[in-house]
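1. Structure of the sequence below:
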Amino acid sequence: MVCFRLSSVPGLGLVLFCLVLGVVRSYALELNLTDSGKATCLYAKWHMNFTIQYETTNKTYKTVTISDLDTVTYNGSMCGDDQNGPKIAVQFGSGISWMVNFTMVSSSSSYSIDSISFSYNTSNRTMFPDAEDKGIVTVYDHLAIKVPLNVIFRCNSLLTLENNNVVQRYWDVLVQAFVQNGTVSTEEHLCDQDKTSTTVTPIIHTTVPSPTAKPTPVEKPEIGKYSVNNTNGTCLLATMRLQLNITQDKVSSVFNIKPNSTDFTGSCDPHTALLRLNSSTIKYLDFVFAVKNENRFYLKEVNVSMYLVNGSVFSTVNDNLSYWDAPLGSSYMCNKEQTISVSGAFQINTFDLRVQPFNVTKGKYSTAEECSADSDLNFLIPVAVGVALGFLIIVVFISYMIGRRKSRTGYQSV
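-> A predicted model of the protein is given here:
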C-alpha cells in the first residue's frame, strides 16, 4: 500500500490518501479524509477506468482506455462546509481529472451521491494521436443516489456510465460522506445492482456424491470475444467459451458465461496483463497473465467472486497457476475442452480458446501455438489417412493377385 499525505487544507487538517497496488489488478483508490480535529469526515474506496472514443483528422474514430492510475494527485478534495458539500477530486495522467460531489438532502436523514464529472485533454498527442478537435472535454453525469446518514454505501457490481463517447466503469465501491464522530459505519446500504444480483438464478444445481465430483454436463457455452486497450491500441485479445464449475456443501453448480450480458475490462503492463469479466452474477473473474524467462507467457492467476442462488458469495483465488504457455509474440490456441483447476471447489472449462496477452500487432492474433490436445488430433489425422491408404493398397494388391491367377488358369495348354 502506498500512502500520499497532502498539505494541510484550511479547516480540514491533513488529508491522507492511500493507493493499494496489486499485481496488474485494477488500481483500488482508497481515501480517508480528515477534518481539523483529525477525525474522519469522508471515506471512500473504489475501482474505476474509462474508455474514450474520439475522431481523428482523417475522419475515422479511435478508442483509448484509461486504467493505469499509478500517478495521481488529489487537489480539491474536501469534507465540506456551510457553503460547499463534500467532494472527492482526483487528477491523473496528463490533463485528466475526475470528481464526485455529495449533497445533503434537505429535511431528511440522508445525503446524495449527487454527480460525477470527468475531464480529459485531447491536445495530449501521446494519448490522443491525430485527434481532430483539441482541447479539454468534460463529461457530466447526474446520479442522485440517496444514502442514509451514518451508513456506508457499497456496490460490488459493475456500474457503467455512458455519455458523449465516454464509458466510465466503477466497481467494488465503498463510500461514506458526512461521517459522524469520525467513525466509519459497519452498516451497509447496497446499490440496486447488488440487491438484484443476489436473486438471479442462472446456475444449475445437481447433487453429486462428493465435493470434487464433476457436475452433470450442460450445453456448450457461447463463444465470447474480449479485448483490452491501452494508449498504444489493443494490448490483449481473448476468444473462448467459458464454463464455471463450483462445488459447495456437496452441491455442484455449472454456469455458462454469456458474452452478451458480460462486461470486460483489463490492463496491460510489460510483464503482466489482466482480463476481468463482470456480470450481474459475477462480481469479477480475473485472468492474470505473466511473462517468464523473458520469452514466454502463461496464465499465472485466476481470481473470482460471484453470487450464488442462495444469496451467498463464492470467492477463491489461485496465483500459482501454469496454464496457456506460449512464446511471446505468438498466441495460444486450444479448440479441445480444457479444465483449469483453480481450487478443489472451483474449475473453469474452456472451449475454442485463443489468447494473446502480449505483443498484439494491429489488433490481430499472431501465429498460434496449439495445445497438446489439438496437436495430438492433428497428428492422428494424417496417421489415420495413411493407415486407410495402406489398407486400400493391400486390398488392391490382393485383388490384383487373385485376378492374375484366374487369368493364368484360363490360358493353360490342353
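2. does Ser343 have beta-bridge partners, and which?
-> Counting by DSSP bridges, Ser343 forms beta bridges with Phe346.
3. wait, isn't it in contact with Asn320?
-> No. Contact criterion CB atoms under 8 Å: Ser343 and Asn320 do not qualify, at 11.1 Å. Glycine gets a C-beta too; all of them are placed from N, C-alpha and C.
4. Of these two, which one has the most company?
-> Ser343 (13 against 7; other CB atoms under 10 Å).
5. Can you check the pLDDT for the more buried one?
-> What the model reports for Ser343 is a pLDDT of 89.
6. Can you check my assumption that Leu244 lies in a strand?
-> Yes. Judged by DSSP: H, G, I helix; E, B strand; the rest coil, Leu244 forms part of a strand.
7. so what's it up against?
-> Neighbouring residues of Leu244 by CB atoms under 8 Å, 6 or more residues apart in numbering: Ser253, Val254, Phe255, Asn256, Ile257, Leu285, Val304, Met306, Phe346, Gln347, Ile348, Asn349.
8. Take these and keep only those in strands.
-> Counted as lying in strands by DSSP state E, out of the contacts of Leu244, are Ser253, Val254, Phe255, Asn256, Leu285, Val304, Met306, Phe346, Gln347, Ile348, Asn349.
9. And the helices in the stretch 251-400 of the chain, which stretches?
-> For the stretch 251-400 of the chain, the helices defined by DSSP state H, counting those that start in this stretch cover 372-410.
10. centre of the chain versus stretch 327-345, how much separation?
-> In terms of CA atoms, centre = their mean, to the nearest Å, the centre of stretch 327-345 is found 17 Å from the chain centre.
11. buried ones in that stretch?
-> Neighbour counts over stretch 327-345 (16 or more other CB atoms under 10 Å) mark Leu328, Ser330, Ser331, Tyr332, Met333, Cys334, Lys336, Gln338, Ile340, Val342 as buried.
12. Double-check that Asp194 belongs to a strand.
-> No. If the criterion is three-state DSSP, then Asp194 is helix and not within a strand.
13. Could you look up the SS state of the residue nearest to it when sequence neighbours are not counted?
-> The shortest distance from Asp194 to any non-neighbouring residue, by CB to CB, 6 or more residues apart in numbering, is to Ser157 (5.3 Å). Following three-state DSSP, we place Ser157 in the coil state.
14. Enumerate every residue touching Ser157.
-> By CB under 8 Å, 6+ apart, Ser157 lies in contact with Trp171, Cys191, Gln193, Asp194, Ser197, Asn278, Ser280, Lys283.
15. Give the buried subset of those as a PyMOL selection command.
-> Selecting only the buried entries of the contacts of Ser157 in PyMOL, with 16+ other CB under 10 Å as the criterion:
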select buried, resi 171+191+194+197+278+280+283
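16. ok, now how distant is the most centrally placed residue in the chain from Lys364?
-> By CA atoms, centre = their mean, the chain has its centre lying nearest to Arg276, at 1.0 Å. Arg276 sits 22 Å away from Lys364, going by CB to CB, to the nearest Å.
17. bridging residues for Ile116?
-> The partner list for Ile116 in beta bridges (DSSP bridges) reads Val100, Asp141.
18. For the nearest residue to Ser77 once chain neighbours are set aside, give me its contacts.
-> Spatial nearest neighbour of Ser77, excluding adjacent residues (CB to CB, 6+ apart): Ala89 at 4.8 Å. By CB under 8 Å, 6+ apart, Ala89 lies in contact with Tyr74, Asn75, Gly76, Ser77, Ser97, Trp98, Met99.
19. Which helix or strand contains Ala89?
-> Assigned by DSSP states H and E, Ala89 falls within strand 87-92.
20. For that strand, output the C-alpha coordinates as PDB.
-> C-alpha atoms of strand 87-92 as PDB (Å, rounded to 0.1, in the frame of the first residue of the first chain):
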ATOM      1  CA  LYS A  87     -16.300  16.100  -2.800                       C
ATOM      2  CA  ILE A  88     -13.600  13.800  -4.000                       C
ATOM      3  CA  ALA A  89     -11.200  15.200  -6.700                       C
ATOM      4  CA  VAL A  90      -8.600  13.100  -8.400                       C
ATOM      5  CA  GLN A  91      -6.100  14.100 -11.100                       C
ATOM      6  CA  PHE A  92      -4.000  11.600 -13.100                       C
END
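21. Run the chain-centre distance for that strand.
-> 24 Å.
22. related to what we said a few turns ago, just the closest of the ones in strands among the contacts of Leu244 to Leu236, please.
-> Comparing those against Leu236 with CB to CB places Leu285 closest, at 14.7 Å.
23. Okay, and the residue lying closest to Asn124 once chain neighbours are set aside sits in which element?
-> Among residues not flanking Asn124 along the chain, Ser94 sits closest, at 4.8 Å (CB to CB, 6+ apart). Using DSSP H and E, Ser94 maps to neither a helix nor a strand.
24. so where's the chain uncertain?
-> Low-confidence segments of the chain (pLDDT under 70): 1-27, 68, 70, 107, 196-218, 310, 374-384, 404-414.
25. how is it carved up into domains?
-> Structural domains assigned to the chain are 2-197, 204-372, following automatic domain parsing.
26. and the longest one, how far out from the chain's middle?
-> Mean-position distance between domain 2-197 and its chain equals 20 Å (CA atoms, centre = their mean).
27. cool, and the shortest one?
-> Relative to its parent chain, domain 204-372 has a centroid offset of 10 Å by CA atoms, centre = their mean.
28. which ones are touching Gln347?
-> Residues near Gln347 by CB under 8 Å, 6+ apart: Leu244, Asn245, Thr339, Ile340, Ser341.
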